[in-house]
Structures are given as structure tokens and as C-alpha cells.
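Participant: I'll drop the sequence and a predicted model, then ask my questions.
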Amino acid sequence: MPELMFDGRKLVYAEFGAGKRIAGTPTILMPSTEYRDTETLVPIFSQFPDTADIVVLDNTNLGQATRLDEPVSTETILEEIRFAINALEIRAPVLVGYCATSEMALYAARELHAAGAILFGPLVHHPESAFVEFLYATLQKAILDGDTYWLNVTMNLLDPHATGFRRERAWAMSQYFAHQAVLQDKEHFWLKTLQTKPKGQFQWEDLPKLDFPIRIIRGAHDPAQLMPWLTERLTRPEHDLIQVDCGHQVLNDRLEETMAHMLAFADELTGRPSVSGAAT
């Protein structure tokens with residue numbers, strides 16, 4: 001994978017679709033997550049047509065980028081994204097958030113004056129609920145203890161309507177062995193999770209204040225979001241919600257449909273006023 005050097009650290013990126021900037025076409029830019037990075041997204045994003053321009057960026061401590069023995073601050077992540085946008089000459093970035101990184105995507109899109117944002121199954125912090133913090137504390141304990149059973153139970157309960165459950169009664173057991181393999185990677189999750197959250201820089205109550213296009217794509221059977229509370233805040237005409245027939249994993253379970261919604265969103269942004277230089 002190609003590399004960028006930022007502040008003495010290696011950032012890794014991968015390009016899909018056209019593999020280059022296309023005049024007048026926005027660039028879909030996805031910072032990596034603990035489960036989705038430049039390497040693991042290859043079988044998914046390689047299916048996009050060359051009419052699209054997609055970049056995946058491994059921030060510090062994620063994917064194949066440099067590791068530090070400490071969490072990375074939100075501001076550091078923002079500066080790494082800003083640096084990559086300028087280095088790769090991205091003129092109209094569309095920030096992508098997946099689950100827990102949705103807040104980071106919205107925060108970065110706001111701060112960098114992006115052309116828009118796409119969110120996959122956002123994990124929403126309700127101002128009066130500590131559910132997300134409880135969830136991560138549960139996952140972290142299972143991982144640090146090497147407890148495959150509780151890690152597997154928690155992960156499967158997060159997506160009880162995955163197509164795996166629909167097609168295979170033994171899905172939970174097969175996932176058990178997958179999570180057992182994950183726990184052999186000692187760095188998994190501990191350094192890589194939570195650091196991509198904006199830690200208060202973005203509040204979901206402020207969603208109506210964001211004046212750029214936002215498309216939320218979620219599984220209709222995804223139990224991890226507070227949908228009535230979230231939909232009440234989708235009051236701007238340039239913000240929309242699309243639901244597909246699956247659980248949490250829209251890229252795995254409904255890739256063709258999700259891809260079509262992403263491409264349509266990018267097409268709608270084509271021809272909008274230029275945001276050239278917005279990330280500087």
C-alpha cells in the first residue's frame with residue numbers, strides 16, 4: 001500500500017474506483033476503523049466502478065499505519081485527515097463514518113468544510129444515556145481478559161439480524177472461532193478503539209446545524225441505534241436516511257444496494273459549488 005509521512009509517522013492509504021482524482025467528482029474518503037482498513041476493505045471497495053473516486057486512510061494506530069503506545073487525540077486524527085486530503089489533492093472530500101467513527105466523520109466534515117458525509121450504521125450517543133460507554137467497557141474487558149465467550153456473545157447481540165443468522169443456525173458458533181482468532185492479536189481493539197471518537201467535539205443534538213449533505217445508510221434491523229431520536233434531528237432537506245434489509249453490517253450483507261446509494265450520493269454532489277482548498 002502507498003504511504004504518507006506525517007509528523008514522523010507512517011500513514012497508509014488505498015485508492016479504489018478510478019484510483020485517481022476525477023475532475024468535478026467528489027472523493028469518498030473513509031478513515032479506517034478497528035475492523036475496516038486499507039487491507040480489509042479491498043474485497044469490498046474493489047467492486048466500485050471507475051466512475052467513482054474512493055480513498056481509505058489508515059490513521060495512526062489503525063490498519064498498517066504507525067503504532068504509538070498511547071491513544072491518538074481527535075485533533076491529531078483531524079490533522080492527519082487534513083494532511084492526507086492536501087497530499088492526495090482531494091478537492092471535494094466526502095467523509096465516511098462506520099458505526100463508532102460516524103461522529104469523527106461528522107466532526108471532520110464540519111471542520112474541513114467537506115462536500116458531504118456518508119454514515120454506515122452510526123452508533124449514536126444519546127445525551128441522557130451511557131449505553132455506548134457501557135458497551136465499550138464490556139468489549140474492552142472481554143478482550144483484555146481474552147474471554148472469547150463474552151466477546152462473541154456481545155458482538156452477536158449487536159447484530160442479531162445479520163444474514164449469517166438468517167442462513168445458518170450455527171452462525172453464533174462459527175463466529176466464536178472467528179473471535180477466538182481475533183483475540184490472538186494482542187493489540188486488537190485496545191489501542192484501536194475509542195481513539196477515533198470525537199470525545200465531545202461533536203454532539204448528535206447539533207446534527208440540524210450541519211449545512212452540508214449527509215446520507216445515513218443503516219440496516220432496517222440494526223438494533224444499535226436510537227432511530228426515533230435520530231430521525232427527529234434529520235430536519236434539513238440535504239440530510240437523508242436510507243434503510244436496507246439487513247442488520248448492522250450493510251457493507252457485507254447489502255453491498256450492491258449500499259454501493260448504489262453511495263454512488264448516487266456522489267453523483268448528486270457533482271456540480272455543486274467547489275470546495276477546493278477547504279481542507280487547508
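Facilitator: Sure thing, it's come through. Numbering: from 1, shown residues only.
Participant: can you pull the pLDDT of Pro160?
Facilitator: You'll see Pro160 listed with a pLDDT of 88.
Participant: wait, it sits on Ala224?
Facilitator: No. Using Cβ atoms under 8 Å, Pro160 makes no contact with Ala224, being 10.2 Å away. C-beta: built from backbone N, CA, C; applies to glycine.
Participant: who has more neighbours, the two?
Facilitator: Between Pro160 and Ala224, counted using other Cβ atoms under 10 Å, the more crowded position is Ala224 (20 against 13).
Participant: The more buried one in helix, strand or coil?
Facilitator: coil (DSSP: H, G, I helix; E, B strand; the rest coil).
Participant: isn't it right next to His248, touching?
Facilitator: Yes. The pair Ala224 and His248 qualifies as a contact (Cβ under 8 Å) at a distance of 6.0 Å.
Participant: So for the two, which residues contact both of them?
Facilitator: By the contact definition Cβ atoms under 8 Å, 6 or more residues apart in numbering, Ala224 and His248 are jointly contacted by Cys99, Gly121, Leu158, Asp159.
Participant: how about TSV for the residues you listed, with secondary structure added?
Facilitator: Formatted as TSV, the entries for the shared contacts of Ala224 and His248 read as follows, by three-state DSSP:
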residue	secondary structure
Cys99	helix
Gly121	coil
Leu158	helix
Asp159	coil
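Participant: will you turn the residues you listed into CSV that also has distance to Glu268 and neighbour count?
Facilitator: Listed next are the shared contacts of Ala224 and His248 as CSV, based on distance: Cβ to Cβ, whole Å; neighbours: other Cβ atoms under 10 Å:
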residue, distance to Glu268, neighbour count
Cys99, 24, 22
Gly121, 21, 25
Leu158, 31, 19
Asp159, 29, 23
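Participant: For Leu106, state which of the residues you listed is nearest.
Facilitator: Comparing the shared contacts of Ala224 and His248 against Leu106 with Cβ to Cβ picks out Cys99 as the nearest, at 13.1 Å.
Participant: which residues does Ala52 contact?
Facilitator: Phe16, Gly17, Ala18, Thr25, Ile28, Met262, Leu263, Ala266.
Participant: Read off the pLDDT value for the last one.
Facilitator: What that stands for is Ala266. Here, the pLDDT recorded for Ala266 equals 94.
Participant: my guess is it meets Pro26, correct?
Facilitator: Yes. Using Cβ under 8 Å, Ala266 makes contact with Pro26 at a distance of 5.3 Å.
Participant: Show me whatever sits in contact with both of these two.
Facilitator: Val94.
Participant: in the longest strand belonging to the chain, what counts as buried?
Facilitator: The residue-count maximum for a strand in the chain (DSSP state E) belongs to strand 9-17. Neighbour-count burial for strand 9-17, counted by 16 or more other Cβ atoms under 10 Å, picks out Arg9, Leu11, Val12, Tyr13, Ala14, Glu15, Phe16, Gly17.
Participant: just stretch 159-178 next, same as before
Facilitator: Neighbour-count burial for stretch 159-178 flags Asp159, His161, Ala162, Thr163, Gly164, Phe165, Ala172, Gln175, Tyr176 (criterion: 16+ other Cβ under 10 Å).
Participant: all helices of this protein, in order?
Facilitator: Residue ranges of the helices in the chain, as given by DSSP state H, are 42-45, 74-87, 102-111, 131-144, 148-158, 163-167, 171-182, 227-231, 250-253, 255-269.
Participant: Ala109 versus the closest residue to Gly219 other than its chain neighbours, what's the distance?
Facilitator: Nearest non-adjacent residue to Gly219, counting by Cβ to Cβ, 6 or more residues apart in numbering: Cys246, 4.2 Å away. Remark: distance between Cys246 and Ala109 (Cβ to Cβ, to the nearest Å) = 25 Å.
Participant: Looking at those two, which is more packed in?
Facilitator: Neighbour count, other Cβ under 10 Å: between Cys246 and Ala109, Ala109 has more, with 27 against 24.
Participant: My read is that that one contacts Val96, right?
Facilitator: No. Checked against Cβ under 8 Å, the pair Ala109 and Val96 is beyond contact range at 9.6 Å.
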